[in-house]
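In: Sharing a model that was predicted from the sequence below.
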Amino acid sequence: MSATTARKPSKAAPAADYLDRRTGIGKAVKEFARKVFPDHWSFLLGEVALYSFIVLILSGLFLTMFFVPSMGHVTYPEDQLPVAMQGVGMSEAFASTLRLSFEVRGGLLMRQIHHWAALLFMAAIVAHMLRVFFTGAFRKPRELNWLIGFTLLILGLLAGFSGYSLPDDVLSGNGLRIADGVARAIPILGSYVSLGLFGGEFPGTDIIPRLFTVHILLVPGLIIALVTVHLILVVVHKHTQYPGPGKTEKNVVGYPVLPVYAAKAGGFFFIVFGFLAMLGALVSINPVWIHGPYDPSPVGAGAQPDWYMLFLEGALRLMPGWPEFVIGGYVLSLNVLIPGVVIPGILFTTIALWPFIEAAVTKDRGEHHLLDRPRNAPIRTATGVSIITAFMVLNVAGANDLIATHFELSLNGITWFLRAAFFIAPVFAFWLTKRICLSLQRRDRELALHGHETGRIVRMPSGQYMEVHQPLSQEERWLLVQHEADRMLEIGPPEDENGVRRPGYQRDKGMQRISRFFYEDRVQPATPAELAAANASHGAHGNGNGSGNGAPAMVESSGLQDAFERPEQEKAAVTAGRDERNNPASS
């Protein structure tokens, strides 16, 4: 007879009970622990951004203890500096950066970890937003979360710009000089914006302390607040998931937070941290002692900002210098205003408003928790690829001097080629991507209706030659036909029953044109009636040929006879299926 032993209470139980009785946190923890998150590698992109930000905070705390945010003039005579820089005057900000790199134990390692973490943070945010964009994860009810993610992207750009401007070396000074030029290019208000930013004429004495406050206090605080709201909304809305067996708009297939997902996420954090530590230890980045303190006189090749600001540099380099006019005594510098304000404004406005543009075109008011395959949204996918193409052209333009010197090419030739590519390449990328998506849709439709080609040709008793097709599994076929068939927007007549012109008709007509652009060429997925007709047709042609896996083989005409000749009942079934798919009242 076995005796039962009482379970020994945990030492943390009294503290947990004390906290739960006074805050009610136990219920929230229990609810959160049961949350299920799907498992897919692309969902790790958001986690990479989060963990990179944590590394940024930790390394930034260390650097803040030694950095001096002052533009006061000092001399740094230490012998470990290059001979050309010994005794050179510099700001206290630059001197403290050198002291961090040469004298503080572990200072250079922390500087480089911090810089690599910033680059990875921005890369992960961009990759995460691209995944959300191409899969349609921004649709209702996640439009607000998309705007929060977009705001985090802008804050990341601001954090990066304010961060690499702090050392007050030649590269960061050139970046501030460009920022001053862009601010001054704003009509009427430009000079006041520049004076307010720098506290006087460029460079002034206030910009480094102000950027320091922005970099360590304002931007991180906003990012922490928005990341918190972002994660809360992810839990409230439940996580999106890719289409698959058993996955619907009303469930989530994955792992619970505790213990599975928490353990995996914790391990992944240390992988990201270890990767950044390895980069910081082995790969040098931003060696400010080579560039020297900021001096407006030296200008040379190879002065590029970090990759996420390189598009702005490229836009400024591609813009010709002649569009500058004097109107009423005011200088209108379109050569700076267009690449520095207009082009980024159009780019970021399009990105921010896309969920609302797409919802207005489709008139889609339903909630979406299953992700799209990019091929099933060709216009969205093509638009994303065209934006990426324009961004990459501007990035290449930001390094046109390096391309010219390394490959011994004409700088002017490269610039003119990239000017043309900026207008031609995105259009070509849009057209090519759209055609590829439509081709993949047609392939999916044929695959769903006819199965995999096997290359086996058989002769029927009637003398007709047929190709044997391998039937799809239920999971494969479901993936190809599960998405909804989008329709072009339908609008009411221009006049009502009394012959009075209907208000808002012109606006609706414009939206219908945009809807036609979105969906006119889209290939409709196979309907249940079409699938049933195809199965009936294949069953009628079957001759007992096995497929090797216990499923009957499909047999298709090779074209020696009329392959598109169908029985009348099959044609009727296909027509009924199309009517069912196009009827808004059908479920």
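Out: Structure's in. What do you need? All values reported here derive from a predicted model rather than from experimental measurement.
In: In this structure Ala421 contacts Asn395, no?
Out: No. With contact defined as Cβ atoms under 8 Å, Ala421 does not count as touching Asn395 (11.8 Å). Placement of C-beta: from N, CA and C, glycine included.
In: residue ranges of the strands in the stretch 301-450 of the chain, please?
Out: According to DSSP state E, counting those that start in this stretch, the stretch 301-450 of the chain carries its strands in the segments 324-327, 330-333.
In: Looking at those, which one is packed in the most?
Out: Highest mean neighbour count among those (mean count of other Cβ atoms under 10 Å): strand 330-333, with a mean of 16.
In: Remind me what it packs against, helices and strands.
Out: strand 324-327 (3 or more Cβ pairs under 8 Å, 6 or more residues apart in numbering; DSSP states H and E).
In: Could you report the neighbour count for Ala118?
Out: 24 (other Cβ atoms under 10 Å).
In: Glu201 belongs to a strand, doesn't it?
Out: No. If the criterion is DSSP: H, G, I helix; E, B strand; the rest coil, then Glu201 is coil and not within a strand.
In: Grab the nearest non-local neighbour of it.
Out: Leu195 (7.8 Å; Cβ to Cβ, 6 or more residues apart in numbering).
In: repeat for Val396
Out: Here the residue nearest Val396, using Cβ to Cβ, 6+ apart, is Leu418, at 6.3 Å.
In: Return the distance of Leu310 relative to Tyr255.
Out: 39 Å (Cβ to Cβ, to the nearest Å).
In: Provide a list of residue ranges in the stretch 401-550 of the chain with pLDDT below threshold.
Out: 485, 487-489, 537-550 (pLDDT under 70).
In: what about the helices in it?
Out: 411-450, 474-481, 505-519, 528-541 (DSSP state H, counting those that start in this stretch).
In: Now find how far off-centre the shortest one is within its chain.
Out: What it means is helix 474-481. Counting by Cα atoms, centre = their mean, to the nearest Å, helix 474-481 is centred 27 Å from the centre of its parent chain.
In: try the longest one
Out: Averaged C-alpha coordinates place helix 411-450 at 19 Å from its chain's average position (Cα atoms, centre = their mean).
In: What helices and strands are in contact with that helix?
Out: By 3+ Cβ pairs under 8 Å, 6+ apart, helix 411-450 packs against helix 310-318, helix 378-397, helix 400-407, helix 474-481, helix 528-541.
In: Could I get the buried residue list for that helix?
Out: Across helix 411-450, burial judged by 16 or more other Cβ atoms under 10 Å covers 414-415, 417-419, 421-422, 425-426, 429-430, 433-434, 436-438, 440-441, 444-445, 447-450.
In: cool, and the third one?
Out: With burial defined by 16+ other Cβ under 10 Å, the residues of helix 505-519 counted as buried are Asp508, Met511, Ile514, Ser515, Phe518, Tyr519.
In: can you put those in a markdown table and add distance to Leu337?
Out: Formatted as a markdown table, the buried residues of helix 505-519 follow (distance: Cβ to Cβ, whole Å):
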| residue | distance to Leu337 |
| --- | --- |
| Asp508 | 35 |
| Met511 | 32 |
| Ile514 | 29 |
| Ser515 | 34 |
| Phe518 | 32 |
| Tyr519 | 37 |
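In: So Trp322 versus Leu98, what's the distance?
Out: Distance, Trp322 to Leu98, by Cβ to Cβ: 42 Å.
In: Looking at the two, which has the bigger crowd around it?
Out: Neighbours per residue, other Cβ under 10 Å: of Trp322 and Leu98, the larger number sits with Leu98, 21 against 8.
In: Just confirm that one contacts Thr75, I think it does.
Out: No. Taking Cβ under 8 Å as the definition, Leu98 is not a contact partner of Thr75, at 11.6 Å.
In: that older thread, model confidence for the residue nearest to Glu201, exactly?
Out: With respect to pLDDT, Leu195 scores 88.
In: Which strands or helices does the helix or strand where it lies pack on?
Out: In this structure, Leu195 sits in helix 190-198 according to DSSP states H and E. In terms of contacts (3+ Cβ pairs under 8 Å, 6+ apart), helix 190-198 is packed against helix 170-184, helix 207-213.
In: Let's have the ones you listed in CSV, adding mean neighbour count and distance to Phe121.
Out: Conversion of those to CSV gives the following (neighbours: other Cβ atoms under 10 Å; distance: least, Cβ to Cβ, whole Å):
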stretch, mean neighbour count, distance to Phe121
helix 170-184, 20, 18
helix 207-213, 20, 18
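In: CSV please, covering these and showing mean pLDDT.
Out: Converted to CSV, those look like this (pLDDT from 0 to 100):
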stretch, mean pLDDT
helix 170-184, 87
helix 207-213, 93
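In: Quick one, which of those helices gets closest to Ser70.
Out: Nearest of the helices and strands packed on helix 190-198 to Ser70, taken as Cβ to Cβ: helix 207-213 at 6.7 Å.
In: List every C-alpha atom in that closest one, with coordinates, as CSV.
Out: Extracted C-alpha coordinates of helix 207-213, given in CSV (Å, rounded to 0.1, in the frame of the first residue of the first chain):
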residue,chain,number,x,y,z
ILE,A,207,22.7,70.3,-31.6
ILE,A,208,24.6,67.5,-29.9
PRO,A,209,23.0,67.9,-26.5
ARG,A,210,19.6,68.1,-28.2
LEU,A,211,20.2,65.0,-30.2
PHE,A,212,21.5,63.2,-27.1
THR,A,213,18.2,63.9,-25.3
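In: how distant is it from the center of its chain?
Out: 30 Å.
In: And for stretch 518-536?
Out: 31 Å.
In: Quick check: which helices or strands does the longest strand along the chain pack against?
Out: Under DSSP state E, the strand in the chain containing the largest number of residues is strand 452-459. Packing partners of strand 452-459 (3+ Cβ pairs under 8 Å, 6+ apart): strand 465-470.
In: Report all helices and strands that the strand it packs on contacts.
Out: In terms of contacts (3+ Cβ pairs under 8 Å, 6+ apart), strand 465-470 is packed against strand 452-459, strand 554-557.
In: can you count the residues close to the nearest residue to Phe517 once chain neighbours are set aside?
Out: The shortest distance from Phe517 to any non-neighbouring residue, by Cβ to Cβ, 6+ apart, is to Ile379 (7.0 Å). Using other Cβ under 10 Å, Ile379 has 20 other residues around it.
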